[in-house]
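*Asks:* Need coordinates for the below:
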Amino acid sequence: MDFPNIEVPYLDAIFNETNKRPFSELSAGNLENEEKKKLERERNRIHARNTRARKKAYADELTEKLNSLTKEKEQIEREEAAAAELISARHDNWVKNLRLCMNLRSSLCLDSDKWSDVLAEDFKLILPLTPYRSYCSSDIVNNRRVLLGVDGMIADTASLKVMFDNIGIKSSENDLPVSFEYLLGSDTTENCYFGKNGFMCTFIMRTFDAKAHGALSECETSGLLHVNFNETGLIEELEMCFDGIAMNHQLKLAKGVSEFPSIPNHLSIVLKNENDNIVITTARRPFRITHVNNAWTKLCGFELSECKGSSLSILQGPETDMSKVKDLCEKTEMGLAASMVVTNYNKNGNTFLNHLKCYPVSSDQSGKITHIAGFLKE
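*Replies:* Predicted coordinates for the structure are as follows:
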């Protein structure tokens, strides 16, 4: 077949065109490509090496940070554990000191040295108003009783004894105090609510031998304790919150009366009492008689004109236990409520067994103790 209109280049011309390019140009191109590949490979190796180095450096940095954070965490944990241990030890010491305090109270301790082992110098005791207890009128602050220092605690502890003495029947064979105890929520620390300077817990105060002392029933009251401590762990403030009316009801049931006697803290109140056998003396030795009422005169036989200015030695004789008298005098001179069962003598020399309860009273609004009111019960 003929293709007359198509031009076909000669092969020689094509080869000749190729042969016109110099050999050096072809070699240089090949070398340049090889160099580029070599450089590319080197660049890739360097990049890979640098990448591995950066990864290693980053991994080392992370490891260092992790180790540092781990050490920091361990240090914090050690410090927290040490702090928790200190706090636990502090709490245990607080709980122990409160238990010691309430044990001293229930044992009717009047030893100031023992109280000083658990109470701070500026100790404060806060209680509800309790008219069935002996207390000084100057102790009342904002409708609460506030007693200060070791002396305040001792005074309140002494009045507890006399309060429980009022519910039983005393005799020469049965003149020991009624025993009572405190059950504290802090005996199990899970029942405590700890704060920065102290804690709160429940308490129960109950007698366990009042019936053996002639009471009709045992007494029990419950409430809440709020206690604060100073830096050395001594009790700085103790607030006892309980229902005073409920406690008064318990005392009435135990004594079997419709009204439990209110304890006077002022001379004017005592002078109005004609029902009980009452003698009033000065607050200091030799406790000279200043007033007697008709009931006392009927029991003892002495008119006021016969005994005013005398001491109560006029009622003492061979069968009077002078060790009990001495102990009661020491307590009353300290301004404490006190009681005893002792054999006394009336004007005619006849003996009678006397359950004597003594209460400090004031003759003015200052609350300063000026007299001792003695309540005699045959």
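
*Asks:* looking only at pLDDT, what's the mean for whichever strand or helix holds residue 373?
*Replies:* Assigned by DSSP states H and E, residue 373 belongs to strand 369-377. The average pLDDT within strand 369-377 is 93.

*Asks:* which residues are in contact with that strand?
*Replies:* For strand 369-377, contacts defined as C-beta atoms under 8 Å, 6 or more residues apart in numbering pick out 136, 170, 264, 267, 270, 276-283, 287, 290, 296, 299-300, 312, 332, 335, 344, 354-364. Every C-beta, even on glycine, is put in place using the N, C-alpha and C of the backbone.

*Asks:* Buried ones among those?
*Replies:* Buried subset of the contacts of strand 369-377 (neighbour count, 16 or more other C-beta atoms under 10 Å): 136, 170, 264, 267, 270, 276-281, 283, 287, 290, 296, 299-300, 312, 332, 335, 344, 354-363.

*Asks:* follow-up on the earlier one: in helices only, show me the contacts of strand 369-377.
*Replies:* 267, 270, 296, 299, 300, 332 (DSSP state H).

*Asks:* and of those residues, the nearest to residue 163?
*Replies:* residue 332 (16.2 Å; C-beta to C-beta).

*Asks:* Out of the helices and strands in the chain, which is least certain?
*Replies:* helix 11-19 (a mean of 49; mean pLDDT, DSSP states H and E).

*Asks:* Let me know the angle separating the helix or strand hosting residue 325 from strand 369-377.
*Replies:* Using DSSP H and E, residue 325 sits within helix 322-333. For helix 322-333 against strand 369-377, the angle by axes from the mean of the first three to the mean of the last three C-alpha atoms, to 10 degrees is 140 degrees.

*Asks:* Helix 322-333 packs against which elements?
*Replies:* Secondary-structure packing of helix 322-333 (3 or more C-beta pairs under 8 Å, 6 or more residues apart in numbering; DSSP states H and E): strand 338-345, strand 351-362.

*Asks:* List the beta-bridge partners for the one residue sitting closest to the centre of the chain.
*Replies:* By C-alpha atoms, centre = their mean, the chain has its centre lying nearest to residue 227, at 2.5 Å. As for beta bridges, residue 227 partners with residue 199, residue 238 under DSSP bridges.

*Asks:* Would you confirm that it contacts residue 234?
*Replies:* No - here residue 227 does not reach residue 234: they are 10.8 Å apart, not a contact under C-beta atoms under 8 Å.

*Asks:* for this protein, which spans come out with low pLDDT?
*Replies:* Applying pLDDT under 70 to the chain flags residues 1-31, 170-173, 189.

*Asks:* let's go with 50 and repeat that
*Replies:* 1, 3-4, 6, 8-11, 14-15, 18, 23, 26 (pLDDT under 50).

*Asks:* which one of the ones in helices among the contacts of strand 369-377 sits closest to residue 308?
*Replies:* Nearest member of the ones in helices among the contacts of strand 369-377 to residue 308, counting by C-beta to C-beta, is residue 296, at 12.4 Å.

*Asks:* In contact with that closest one, which residues?
*Replies:* Residue 296 neighbours (C-beta under 8 Å, 6+ apart): 277, 278, 279, 376.

*Asks:* I'd like those residues as TSV, with distance to residue 70 appended.
*Replies:* Shown next, in TSV, are the contacts of residue 296 (distance: C-beta to C-beta, whole Å):
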residue	distance to residue 70
277	82
278	80
279	81
376	80
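
*Asks:* Which of those fall within strands?
*Replies:* 277, 278, 279, 376 (DSSP state E).

*Asks:* Just want the phi and psi numbers for residue 37.
*Replies:* The phi and psi torsions at residue 37 (degrees, to the nearest 10) take the values phi -60, psi -40.

*Asks:* and if you look at residue 81?
*Replies:* phi -60, psi -40.

*Asks:* can you tell which of the helices and strands packed on helix 322-333 is closest to residue 197?
*Replies:* strand 351-362 (33.2 Å).

*Asks:* The closest one: how far from the chain's middle?
*Replies:* 35 Å (C-alpha atoms, centre = their mean, to the nearest Å).

*Asks:* show me what contacts the residue nearest to residue 278 when sequence neighbours are not counted?
*Replies:* With sequence-adjacent residues excluded and distances taken as C-beta to C-beta, 6 or more residues apart in numbering, residue 278 is closest to residue 293, at 4.9 Å. Going by C-beta under 8 Å, 6+ apart, residue 293 touches 271, 273, 274, 276, 277, 278.
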